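> here are the coordinates; sequence isn't available:
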């Protein structure tokens, strides 16, 4: 892969990120009518106090000047203050990013791994019971609202059976610290991660299955067999690498979906991450928080799109400039 | 060409189209999953249309439900029990179907309309206009759907009309991209050149030549977009961005969660609406897959 | 002992939920070392199925019966391990150089090297240098080994496939429509290359095509296939110039020679379509399309009868036919 290819993709991503940042500004400009009043709701401000605050927030300047200061502030990660907690938005994001990264990371990986495996089995044993049941199962999970699945799992396994905690990330009464907290946290993460994984593995299975079915009819597999290769090697060395290509393209899209799905799932399982923060910010609406969330989510998706693009370029020489 | 020939040419095209349609229907009839999907859809639409006959709309309001037991399970209060405010779940389910289906179809229509127009124009004209349109499309595609939808919904305010707008605005890009790719290949076909040589205007080319050939793709894509839209509506309603006065299935799920139906193990409150969403989304997917296979024979071989 | 002896080969495809398709209905062939044989016929006559059957490369579930003796050893009875060892080292196939005949995400050099390494008996045999040598043998610069299939032209891909087929020094090469997708100039180059290699390396080649005229310069003998059977066999120039079987004559007339006056005024093409393998006409399968068919043709089970010196044809009109036309 040439530096030109990588450089091109990185530049493209940065351009998109810049677009999102600008879009973010103008979008919220439409919504936020009186930031001072919103932030100091419940306080009675005098005229002078209001004027001083307005000046402090730079709201008396022109839109253009505000935009420039917005850009400067965003570059220094000054994303404003939350309306509800009055803490800097960036601090809130930093605190809550960890749990979301853990949950979304684990779910994204598991849904890809299991989805691909199911797709391979369904394709390899097409038209058998295994194929039909896998296809039926994946279509059903693909069609269901993931938060509904979460509610059902929560009711059955946590409330009714009591096998798992009902919410949160750890037992509040526990005195464990550091790594000792992990088993407890893992137990708390099990149900939300299971929900997200089940919700998104369907599409991987469907895409992998149809991709592998198409690859299995290709002529180069006949050539590979004619050379004297064993069937297993034909499949692993020639069929699978080609079949994986659409799946890699899917990974970029799916990551965005898992991230979005995490908003509702974190709400249901009271998982203290960015998703839950967004859910609560919607109730206000806590506009600075929402603005910050929008930026963070978009940046994450852009970043993973870039990774997937580069990975695809590495795997498929046909998209690289030769 | 004489005046007599023109109408009959149109008539021939009409007859041919009808024959193609009945052929397609014949094939569809034998596609079991597609027929199952169609059956579910017919049942759902019938139920939604017959809502006033099946359940009294007054039952949707909490005021009228104060005499009812709260969280009564189906054996105590039928057929689907009551929610936290004593409202009859069955009533909400039947009336909620209307909103969910309405939003699903309307938002899809909007997305398809915008997406098709953009796709056809971008593919047909190419050059600066096409490039510009595709740039916008690509940018929309990169911004993750949910954050954008949330922000738009927060701006516009909660109402059914706005939800339709929000989903329509955020869903058209993938259709546009698909259709543009198809138009690009069609544009290179000979009959487009010949038609132009005969003096056909761009409008004529787009409506008479490109559009009929892109239509199958649009139809198949539409049926596969509806499930996504329905799920999006459910999600937005669940997050509290839907119309609070309208009993959509997503709103039922939101209510169930907010009022503690989960901890109360009141499964009858949230299982039916989720099941409804699942079945309708699944039905559209099955029909869409069947249509895809019928309209594009290559896909049929692939799935065998 | 002949290099290749095929006796009563039958190939029947068993597709799911469809009637069985008999693609090859009893074929006998013999090939000596260093000999060249061309097999000609329209699409669907079974020639590619027959080629695939020789190395057991047909889809699972396909029924292959008969004898395929490679140096006396029956390929159809070989154990999987022996079959894999024999593939490419004794018998290799040059496929049609379409874009997806080669793995699109692997460099062509690596794909050639895979064959070399697979069959190498010692570390010395697995010499990467040989990849470059093979490419030069087929007229490509050695550095092209780093190219991906989509970066090569159709003619270059065909040369790569020829080089690949020679990687393990087989004694028998089957070329399955190697020039079909190429334009006329490149076709001539590839044919010349094959003829050269055949002479230099003493290869036995079975050359499969639908274009009878391409076989004349490359092959010593030609067999014509129709509806899953061989309908004529003989020396190449005789078969092409003066076919004993009506189908052969129609086939050679179907490809006009540019510049020859007779073709200009007399466009000839065979009317009708080859028969569906599931529904072959009774008696001589060619009789519905035959211009010299008689009343006995639909009722006579034709076989290959003598039709001259070193010539056989399955037609009632030939000299060796037991019935009178």
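It's in. Here the structure is a predicted model, which means the values were calculated and not measured. Numbering: from 1, shown residues only, chains lettered A, B, ... in the order given.

> What confidence value was assigned to whatever residue of the stretch 1-150 of chain A ends up closest to chain C?
Residue nearest to chain C within the stretch 1-150 of chain A: residue A:127 (7.0 Å; Cβ to the nearest Cβ). From N, CA and C alone the C-beta is placed, and that goes for glycine too. On pLDDT, residue A:127 comes in at 78.

> ranges for the helices of chain B?
B:5-29, B:32-49, B:51-54, B:89-125, B:127-142, B:145-156, B:160-187, B:190-197, B:202-204, B:211-238, B:249-258, B:267-295, B:297-302 (DSSP state H).

> on that earlier part again, gap between the residue of the stretch 1-150 of chain A closest to chain C and residue B:91?
44 Å (Cβ to Cβ, to the nearest Å).

> separation between the residue of the stretch 101-250 of chain A found nearest chain C and chain B?
As assessed by Cβ to the nearest Cβ, chain C sits closest to residue A:228 within the stretch 101-250 of chain A, at 4.0 Å. Distance, residue A:228 to chain B, using Cβ to the nearest Cβ, to the nearest Å: 29 Å.

> Spit out the contact partners of that residue.
Counting by Cβ atoms under 8 Å, 6 or more residues apart in numbering or on different chains, residue A:228 touches C:84-89, C:115, C:118-119.

> burial of the one residue in the stretch 51-200 of chain B that gets nearest to chain C, as a residue count?
Closest residue of the stretch 51-200 of chain B to chain C, Cβ to the nearest Cβ: residue B:185 (17.6 Å). A total of 10 residues lie near residue B:185 under the criterion other Cβ atoms under 10 Å in any protein chain shown.

> Next: residue A:171.
There are 14 residues near residue A:171, going by other Cβ under 10 Å.

> Likewise for residue B:71?
20.

> Per-residue pLDDT of it, please?
75.

> For it, which non-adjacent residue is closest in space?
Nearest residue to residue B:71, sequence neighbours excluded (Cβ to Cβ, 6 or more residues apart in numbering or on different chains): residue B:266, at 4.6 Å.

> What backbone torsions are found at the one you found?
Per-residue torsions, residue B:266: phi -90, psi 70 (degrees, to the nearest 10).

> I'd like to know how many residues surround the residue of the stretch 1-150 of chain A found nearest chain B.
Residue nearest to chain B within the stretch 1-150 of chain A (Cβ to the nearest Cβ): residue A:148, separated by 3.3 Å. Number of residues near residue A:148 (other Cβ under 10 Å) recorded here: 28.

> Get me the contact residues on the stretch 101-250 of chain B for chain C.
Residues of the stretch 101-250 of chain B lying close to chain C by Cβ under 8 Å from any Cβ of the partner chain: none are found.

> Isn't residue C:287 up against residue C:296?
No: if you go by Cβ atoms under 8 Å, residue C:287 and residue C:296 don't touch, sitting 9.5 Å apart.

> out of those two, which sits in the more crowded spot?
Using other Cβ under 10 Å as the criterion, residue C:287 and residue C:296 rank with residue C:287 on top: 22 against 15.

> Is the residue lying farthest from the centre of chain C part of a helix or strand, or is it coil?
Ranking residues of chain C by C-alpha distance from their mean position (Cα atoms, centre = their mean) puts residue C:123 at the top, at 34.2 Å. The assignment at residue C:123 comes out as coil when based on DSSP: H, G, I helix; E, B strand; the rest coil.

> ok so, going back, how about the residue of the stretch 1-150 of chain A closest to chain B: what's its closest non-neighbour residue?
Using Cβ to Cβ, 6+ apart, the nearest residue to residue A:148 is residue B:274, at 3.3 Å.

> and if you look at residue C:41?
residue C:225 is the one closest to residue C:41 (Cβ to Cβ, 6+ apart), at 3.7 Å.

> who does the one you found bridge with?
Beta-bridge partners recorded for residue C:225 (DSSP bridges): residue C:230.

> Run a quick neighbour tally on it.
If you count neighbours by other Cβ under 10 Å, residue C:225 ends up with 22.

> And the helices in chain A?
A:3-31, A:35-39, A:47-56, A:63-75, A:89-124, A:129-143, A:146-153, A:182-216, A:219-226, A:231-233, A:240-268, A:274-283, A:287-315.

> when you scan the last one, is anything in it near chain C?
Yes: legend: contact between helix A:287-315 and chain C by Cβ under 8 Å from any Cβ is shown at residue A:315.

> Check the shortest one too.
No: contact check for helix A:231-233 against chain C, using Cβ under 8 Å from any Cβ: none in range, with a minimum separation of 9.0 Å.

> helices or strands next to that helix in the packing?
Based on contacts counted as 3 or more Cβ pairs under 8 Å, 6 or more residues apart in numbering or on different chains; DSSP states H and E, there is no element that helix A:231-233 packs against.

> In that helix, which residues are buried?
Buried residues in helix A:231-233, counted by 16 or more other Cβ atoms under 10 Å in any protein chain shown: residue A:233.

> residue ranges with poor pLDDT in the stretch 151-300 of chain C?
Within the stretch 151-300 of chain C, the stretches with pLDDT under 70 are C:255-270.

> Mind telling me which residue of it is nearest chain A?
For the stretch 151-300 of chain C, Cβ to the nearest Cβ, closest residue to chain A: residue C:151, 5.6 Å.

> dump the residue contacts of residue B:152.
So, once contact is read as Cβ under 8 Å, 6+ apart, residue B:152 ends up touching B:165-166, B:169-170.
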